[in-house]
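Student: make a model of this:
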Amino acid sequence: MARKKHKKSGPAGRQDIRQQAAVPKSALQDTPCIRPLHLALLSILAIALYANTLNAPFVWDEEPLITRNTLVHDLDYFLHPGKAKDHPHYDALAGRYVTYLSFALNYAIGGTSVTGYHVVNIAIHALNSVLVYLLVFMAMRTPFMQGSALKNRAAAMALLTGALFAAHPLMTEAVTYTFQRHASLVATFYILTVVLYSAARHKKSRALYIASIISAALAMKTKENAFTLPLIVALYEFMFFEGNPGKRLLRLLPILMTMSIVPLTMASLGAFSGGKAPVASEPLETAKHVLGRAEYFYSQMPVVAMYLRMLILPFGQSLDHGYNVYNKLSSLPVVLSLLLHMLTAGAGTFLWRISSPKRPEGRLIAFGILWFYIALAVESTFVPLQMIITEYRVYLPATGIFLAASTGGVMAAMRLESLRPGTFKTARNAAIALVAVLAILSIARNSTWRTELGIWQDASRKNPESTRPILHVGLAHEKLGDFNSALKAYQRTVDIDPNHHMAHYDVGVIYNKRGQYDKAEAAFRKSLSIRPGYAIARNNLAAVLMRTGRDAEAETELKRAIGLSPWDPNPYFNISLLLLKSNRYAEAEPYLERLKELVPPDADILNKLGIVYRETGKQDDAREAFAKGLRLSPDNYHLLLNMAVLEDRTGNRAEAGRLYRKMLSVINRALLQSPGDTGLIYFRTLAEQGIRSSTAP
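Tutor: Numbering: from 1, shown residues only. Okay, the predicted model is just below:
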């Protein structure tokens, strides 16, 4: 029987090729494999560029939100979130559980050592660079892209996109600014969801599909801008896959349902009833007022244009950017910026519409452009946030721009290669040079984060009329012990804004440290006249009043401070000192008990609590408190003395004598280092008297 000959050309042959292109199995056979070497190179690049930030200090709001945040210091809050309902950072725990859990794990492992936090942030950035690479690869494996001439260059395009992401200096704020792990970690789950969804579609894997839904849910509990993730997944589905529309929508439904997590969480926190949304990543010092929706939207148009400019020309980075507020759509900067965004988004939509299975490359560029605007939508449209412009917001949206740029660049290089052989090699070298330049800029930018003073001086030079960087220059000088420079910075802040309550407070702190209590009191009272609810100023005013012998006034201020900020341990500590000084042991007890709950185990607090128990007849509780304190600090002679007094009073003279002898040994060692210390000499006398008393007949 004669065989039929297949045609090698003509309409039937072309139709056969298109049919094959629509079959994922054959597509996977033709698509280059993911190269482990590329993944390793991207990881090494990301780690190398941020190696100089491992010891960069905590800055800005990282101390109150990480190092002094009792929520982060206790993993039990994450196992039983209901216990934190009255905590001032409960909204953050509820809305951004995943990120705060990562901070809590950091604290559990390494305490407040900043290096551990940077290691995690750098690891997240390296992982994200790899995920961006996989995102490009998975897009190239979709049915729609099978007719693309880029298939044979997929590895190069994915590597370039990942390298741009890893090396671009605009990414630095989301990585080096430790607290903005919110931005980088949400990007992890955001990109991972799309990669897993695409892989699930290719392999028809239920496990990968379920994993993509879980990843989307985790993103929603990492940062609120994940709200747009289901829209990106839906866009990806309808851009790059085929099939029955009803079945495709049904497949998308579980991921689309994760969108409800963000508004439901916000509603449970009263965000929609009170008009205040919980914005856990916004710095504590913010604009004087939150803009209205229209005003914020108009102001964001030039801001987003600036983001695009900084992605193309990355100069002028700052931790504190100057900005203008616009309240009219007709303002020229708003009109020009809006026109730019319409043209850019319009170009993306146009490329989507004209792309076809034969020439699908434009759709990949369109997806990148639309990714940028959709991923930025929550923070840069109609939801007013207190910070108008921040670089870390671009971390996730930039993925789309890098995808569009690398796709367009590889397309242009291939076109030129067809006209002039050898051009692609030149383009490859140019891409390497571009990544190298971006890498150098990232290293240079990261070098400004090496010291707190350096990053704020940089911001102050670039935005000289902003009070925020000037104030923080003062705080950095204060930490370095340069009180004169600190005071100048605080007074400069007051000159610019006479109603800056924090600056007046910081002036008071400097005068208090200098022992100029009258000036300190005046500064604290000025701060409180501007903001009566500023609890920390009340606590420090009380400390000045205690030092100047006005205990009754101090007690009143401390009780007000506790009422204003019941989770701040400082006023509890100060009021317990005041009460112990006047032997009001029973009154001091509840404050010390609360203080013990608010801070990690502390020998000094346990010593004071032991004294209270001892003096109120609770001898067993006192013994337990002193014993716990000595386990934390075995050579603490205050604890040894008080434990010895307790044992002496309860008739255990032998144990009292042992404790007095150990106390004497500790003090004698200390006196070798400080022979003239009158305090040590006094306690040595008490130890010697105790030894004689315990051995007397």
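Student: where are the low-confidence patches of this structure?
Tutor: 1-32, 271-290, 697 (pLDDT under 70).
Student: domains in it, by residue range?
Tutor: According to automatic domain parsing, the chain comprises the domains 19-58+112-269+290-446, 603-697.
Student: thought Ala427 was touching Ala413?
Tutor: Yes - in this structure, Ala427 is within contact of Ala413 by C-beta atoms under 8 Å, at 3.5 Å. Backbone N, C-alpha and C define where each C-beta goes, glycine included.
Student: list the contacts of Ala486.
Tutor: 474-475, 477-478, 506, 510 (C-beta atoms under 8 Å, 6 or more residues apart in numbering).
Student: try 6 Å
Tutor: 474, 477-478, 510 (C-beta atoms under 6 Å, 6 or more residues apart in numbering).
Student: same question for Asp320.
Tutor: Asp320 makes contact with 459, 463, 466, 468-469, according to C-beta under 6 Å, 6+ apart.
Student: which secondary structure state does it sit in?
Tutor: Under DSSP: H, G, I helix; E, B strand; the rest coil, Asp320 falls in the coil class.
Student: of the contacts of Ala486, buried ones?
Tutor: Listed as buried from those are 474, 477-478, 510; burial here means 16 or more other C-beta atoms under 10 Å.
Student: which two from these end up farthest apart in space?
Tutor: His477 and Ile510 (9.7 Å; C-beta to C-beta).
Student: in what helix or strand does Val59 lie?
Tutor: Assigned by DSSP states H and E, Val59 falls within no helix or strand.
Student: give me the buried positions along the helix or strand hosting Trp352.
Tutor: Taking DSSP H and E as the definition, Trp352 sits inside helix 332-354. Neighbour-count burial for helix 332-354 flags 334, 337-338, 340-341, 344-345, 348, 351-352 (criterion: 16+ other C-beta under 10 Å).
Student: just those now: which is nearest Ala155?
Tutor: Using C-beta to C-beta, those come closest to Ala155 at Leu351, 23.2 Å.
Student: and the closest one, how far from Leu376?
Tutor: 19 Å (C-beta to C-beta, to the nearest Å).
Student: show me which of the buried ones among the contacts of Ala486 is closest to Gly116.
Tutor: Among the buried ones among the contacts of Ala486, and counting by C-beta to C-beta, the member closest to Gly116 is Glu478, at 25.6 Å.
Student: list the contacts of that closest one.
Tutor: So Glu478 contacts Ala486 (C-beta under 6 Å, 6+ apart).
Student: report how many residues lie close to Arg450.
Tutor: Arg450 has 15 neighbours, counted by other C-beta atoms under 10 Å.
Student: and if you look at Lys151?
Tutor: Neighbour number of Lys151 under other C-beta under 10 Å is 17.
Student: could you do Lys581 as well?
Tutor: Counted with other C-beta under 10 Å, the neighbours of Lys581 add up to 11.
Student: nearest spatial neighbour of it, skipping sequence neighbours?
Tutor: Leaving aside its chain neighbours, Lys581 sits nearest to Asp551 (7.6 Å; criterion: C-beta to C-beta, 6 or more residues apart in numbering).
Student: understood, closing this out.
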